[in-house]
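Asks: give the three-dimensional model of this entry:
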Amino acid sequence: MKKVVLLLLFAVTCSQAQQIQLKKADKSYDTYAYVNAIDVYEKVVKKGYASADLYEKLGNSYYLNGQYEKAAQYYKALLSMGSPSDNEVYFRYSHCLKALNQYEEADKMMANYFDANTENSQKKELKYYLKEIKNNSKNYLIKSTAINTSFSDYSPYYYNNQVFYTSAMDSTAVRKLTHKWTGQNYTDIYVAKVNKDTTLSYGGNFSNKVNTKFNEASAIFTKDGKTAFFTRNNFLDGKKGKSSDKSTFVKIYKATLVDNQWDNITELSFNTNESSFAHPALSPDEKTLYFASDMSGTNGYSDIYKVKINPDGSFGVPENLGTTINTKGRESFPSIDQNGNLYFASDGLLGLGGLDLFVAKAKPGGTFEKPINLGDKINTAFDDFGMTFINPTTGFFTSNREGGKGYDDIYFFKELICSQKANGIVYDAQTNQPLRAAQVLIFDENMKEVNKLETTENGFYEFSIDCSKKYYIRGIKDEYEPAEVKLISNNENEKTFKNDIFLNKKQIPVDKGTDLAKLFNISKIYFDLDKWNIRPDAEVHLQKVIEVLKQYPSMTIDIRSHTDSRQTHKYNEILSDKRAKSTLEYMVKNGIARERLTAKGYGETQLINGCADGVKCSEEEHQQNRRSEFIITKVE
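Replies: Numbering: from 1, shown residues only. Modelled structure (predicted):
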């Protein structure tokens, strides 16, 4: 009996000890001291204690420190217990699975997250976002830099042939403390020289006055080099500021160069003690400052904002860049290139895992286009962020990808410009003789003319083309019918694509009543469902008709559009008429006089088979009725 009592007492004591440990760990977790929290939580798990709350906090602690494999282990354990109390678990677990190359399962988790957050638009993108990223990917040379240490090195900024960067390395410049979130030293700003071969050489501590015993990061400079903006813990003049709940966040500060020393350190007016403000970036005209924050009104964990810099140096009211840029996840580390385009890191936009780098091209009025993922050379399944440029194709960025030296490392990148050729010979199709002085035009995939030239004495032509693009190459010569070939280039540098073009002697029957659509085998001009704007694949065919009209200046035609019997008579009549008139407007826009054209839609009134209302027909039979006609009405 005594043994039983002793065992019960021991069990109660162990339980009490575990509860004490968990309370201590929860306090560390709630104050973002994740390294301390992990240490205690892991000890409790090893003793056999398990709960959904414990697994979630362990997963989050590892996730927020970029240890995705360990985070995945605990998120998986959590989900085995049922649905999580916080739907963000699906979001974070998805990123962890990508780090493990489990993209199919990752997309399932992200779909669960979208379902819970009713973000259906992004859920639709799950079907094709990886293909889109692949298509956007460019070829880069990427190299680790010599300034990387076993600590975290990140946020490079190129200025005046130097790179200013952030590091948690153990420096003797100032007394270092340990950051409870990461377990590493607090960070300082350092400088490196950019050598002629674009390698980096360590140049020492940036400024003993700017760097303190707490965190400094992400320094940038005005063009004249007299003002610096940087991120620092809420610490100024020896005093540490705290929020209402006793947390210490980060703020953006400004320093000016006085007698070759950085001085006059002040915090920017829009900072508050209740939120974080970090990673400043300047617009090319230096009238706008961009930054990341989690202030009130933020869409997710952190958003990118902009604020006007007034002529007197004061600041306006910060503006959120909106949902085109910001998501429910993390958007951070903005930078602006010389053209005003915004580069930033996000884990809320669909990517390859962790933080991915995106670019949003500048639009007039200070807004931006939809962000584009920078592709699978720059981005990985881990965190990729903090990009800066030496020139439009060369610069540095940060990543904690596999094979690095430390927690975060700084990498050099250079876009490898892909150059290709398209050439061939234009022949007479009947005699196989080369045709000199034939005109050759090249169009992009939207049928926009890119270039044109005449063939040489031997019928030869050659164009420079971009890699991984679609083109149409058209040959034209008097007394010959136009001919066109399609070309899809790849990403193989300096490749030449040979496309010979064969032109047939004109045998166009120019009699009244001839249907040019039948002559050129144009079965239909394609439109999107319920629409009448001309699609790019229809332009290819229309250009053939346009060429004939240009060769016969006196010719007039009637454009006729027909539908099948599905839908109502009235609907088909209206839609076909709009399509016929849209075709006419396209031809006018391409140089054909309006008085040479007429257009009308006939709906389903001129079916060419028996597929009327109520008659069961195959799709192929219905398609025979969905046709366009270009009937010659006059020719001289």
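Asks: mind jotting down where the strands sit in the stretch 501-636 of the chain?
Replies: 501-503, 556-562, 597-603, 628-634 (DSSP state E, counting those that start in this stretch).
Asks: tell me the mean pLDDT for the second one?
Replies: The reference is to strand 556-562. Regarding strand 556-562, the rounded mean pLDDT is 91.
Asks: what's the answer for the shortest one, then?
Replies: Here strand 501-503 scores 94 as its mean pLDDT.
Asks: quick one: distance of that strand to the chain centre.
Replies: 41 Å (C-alpha atoms, centre = their mean, to the nearest Å).
Asks: packing partners of it?
Replies: strand 419-428, strand 470-476, strand 483-488 (3 or more C-beta pairs under 8 Å, 6 or more residues apart in numbering; DSSP states H and E). The C-beta positions use only the backbone N, C-alpha and C, and glycine is treated the same way.
Asks: partners of that strand in the sheet?
Replies: Strands that pair with strand 501-503, judged by DSSP bridges, come out as strand 419-428 (parallel).
Asks: repeat that for the second one.
Replies: Strand 556-562 has the following strand partners under DSSP bridges: strand 597-603 (parallel), strand 628-634 (antiparallel).
Asks: turn those strands into a markdown table, including mean pLDDT.
Replies: As requested, the strands paired with strand 556-562 are exported to a markdown table (pLDDT from 0 to 100):
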| stretch | mean pLDDT |
| --- | --- |
| strand 597-603 | 93 |
| strand 628-634 | 89 |
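Asks: now for those, which one comes closest to residue 133?
Replies: When these are compared by C-beta to C-beta, strand 628-634 sits nearest residue 133, at 37.1 Å.
Asks: just the buried positions in that closest one, please.
Replies: 628-632 (16 or more other C-beta atoms under 10 Å).
Asks: what about residue 332, which SS state?
Replies: Here residue 332 is recorded as strand under DSSP: H, G, I helix; E, B strand; the rest coil.
Asks: that one is in contact with residue 294, isn't it?
Replies: No. Counting by C-beta atoms under 8 Å, residue 332 does not reach residue 294; the two are 9.6 Å apart.
Asks: out of those two, which sits in the busier spot?
Replies: Between residue 332 and residue 294, residue 332 has the larger neighbour count (other C-beta atoms under 10 Å), namely 24 against 18.
Asks: ok now stretch 147-155, how far from the chain's centre?
Replies: 26 Å.
Asks: what mean pLDDT does it get?
Replies: On average, stretch 147-155 scores 92.
Asks: hang on, residue 385 packs against residue 398?
Replies: Yes. Between residue 385 and residue 398 there is a contact at 5.3 Å, judged by C-beta under 8 Å.
Asks: re earlier: I'd like the strands paired with strand 556-562 as TSV, with distance to residue 495 appended.
Replies: Listed next are the strands paired with strand 556-562 as TSV, based on distance: least, C-beta to C-beta, whole Å:
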stretch	distance to residue 495
strand 597-603	42
strand 628-634	37
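Asks: re earlier: residues in contact with both of residue 385 and residue 398, list them for me.
Replies: 154, 333 (C-beta atoms under 8 Å, 6 or more residues apart in numbering).
Asks: low-confidence stretches in the stretch 251-400 of the chain?
Replies: Within the stretch 251-400 of the chain, the set of residues satisfying pLDDT under 70 is empty.
Asks: show me where it has its strands.
Replies: Using DSSP E, counting those that start in this stretch, strands in the stretch 251-400 of the chain cover 261-267, 277-282, 288-293, 303-308, 319-320, 331-336, 342-346, 356-360, 362-363, 367-368, 372-373, 384-391, 394-399.
Asks: how far does the fifth one sit from its chain's centre?
Replies: In terms of C-alpha atoms, centre = their mean, the gap separating the centre of strand 319-320 from the centre of its chain is 20 Å.
Asks: over to the third one?
Replies: In this view, strand 288-293 has its centroid 19 Å away from the chain centroid, taken as C-alpha atoms, centre = their mean.
Asks: residue 333 and residue 345 touch, don't they?
Replies: Yes. Between residue 333 and residue 345 there is a contact at 4.6 Å, judged by C-beta under 8 Å.
Asks: overlap in contacts, the two.
Replies: 355, 385-386.
Asks: among these, which ones are buried?
Replies: Buried among those by 16+ other C-beta under 10 Å: 355, 385-386.
Asks: noted, bye for now.
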